[in-house]
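Participant: below is the sequence, then the predicted model.
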Amino acid sequence: MEINAPGTWTGLAGMWEGWREVLSPWEDWRAEHVNLRELDDTRVFAVMRFAGRGKGSGLEIGDVGGAGANLFHIREHRVIRLVAYWELDHALADLGLEDSGAGTHAI
């Protein structure tokens, strides 16, 4: 199963709308960072683990993978852009990163 909700939202109201759209089919949705990696002075890469259950199907997201990533773009101590990847492999490929825990550190 692939979660796919491409889109662009702007501002806090847009962010709220986007997440509401993405999360509405799920109940008991949880996301936690597994590892954080500072890529440079303006970007932080977070490997995420997702959990939840489909409202209609009852399917547990952990049963179908449940690993993704977030890329935070930061300026003046604020997140100015968030790129959410529902599949970790896609994030690693887009950013040219390897799937190893080496060099990944909490910040």
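Facilitator: Alright, I've got the coordinates.
Participant: from the contact counts, what lies against the longest helix along the chain?
Facilitator: Longest helix in the chain by number of residues (criterion: DSSP state H): helix 11-23. Judged by 3 or more C-beta pairs under 8 Å, 6 or more residues apart in numbering; DSSP states H and E, helix 11-23 is in contact with no other helix or strand. Glycine gets a C-beta too; all of them are placed from N, C-alpha and C.
Participant: buried residues, that helix. List them.
Facilitator: By neighbour count on 16 or more other C-beta atoms under 10 Å, the buried set for helix 11-23 is 18, 22.
Participant: do the same with stretch 68-87
Facilitator: 68-72, 84-86.
Participant: cool, and stretch 43-56?
Facilitator: Buried-residue list, stretch 43-56, by 16+ other C-beta under 10 Å: 44-50, 52.
Participant: returning to that earlier point: the longest helix of the chain: how far from the chain's middle?
Facilitator: Here helix 11-23 shows a centroid-to-chain-centroid distance of 14 Å under the convention C-alpha atoms, centre = their mean, to the nearest Å.
Participant: for that helix, what is the average pLDDT?
Facilitator: Helix 11-23 comes out with an average pLDDT of 83.
Participant: helix or strand next in line after that helix, which one?
Facilitator: strand 26-40 (DSSP states H and E).
Participant: quick one: list the elements packing against that following strand.
Facilitator: For strand 26-40, the contact count by 3+ C-beta pairs under 8 Å, 6+ apart identifies strand 43-54 as packing neighbours.
Participant: contacts for the strand it packs on next, please.
Facilitator: Contacts to strand 43-54, defined as C-beta atoms under 8 Å, 6 or more residues apart in numbering, come from residues 25-39, 59-62, 66-74, 88, 91, 95, 97, 104, 107.
Participant: filter those down to the buried ones, ChimeraX style.
Facilitator: Selection of the buried residues among these in ChimeraX, burial being defined by 16+ other C-beta under 10 Å:
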select :26,31,35,37,61,66,67,68,69,70,71,72,88,91,97,104
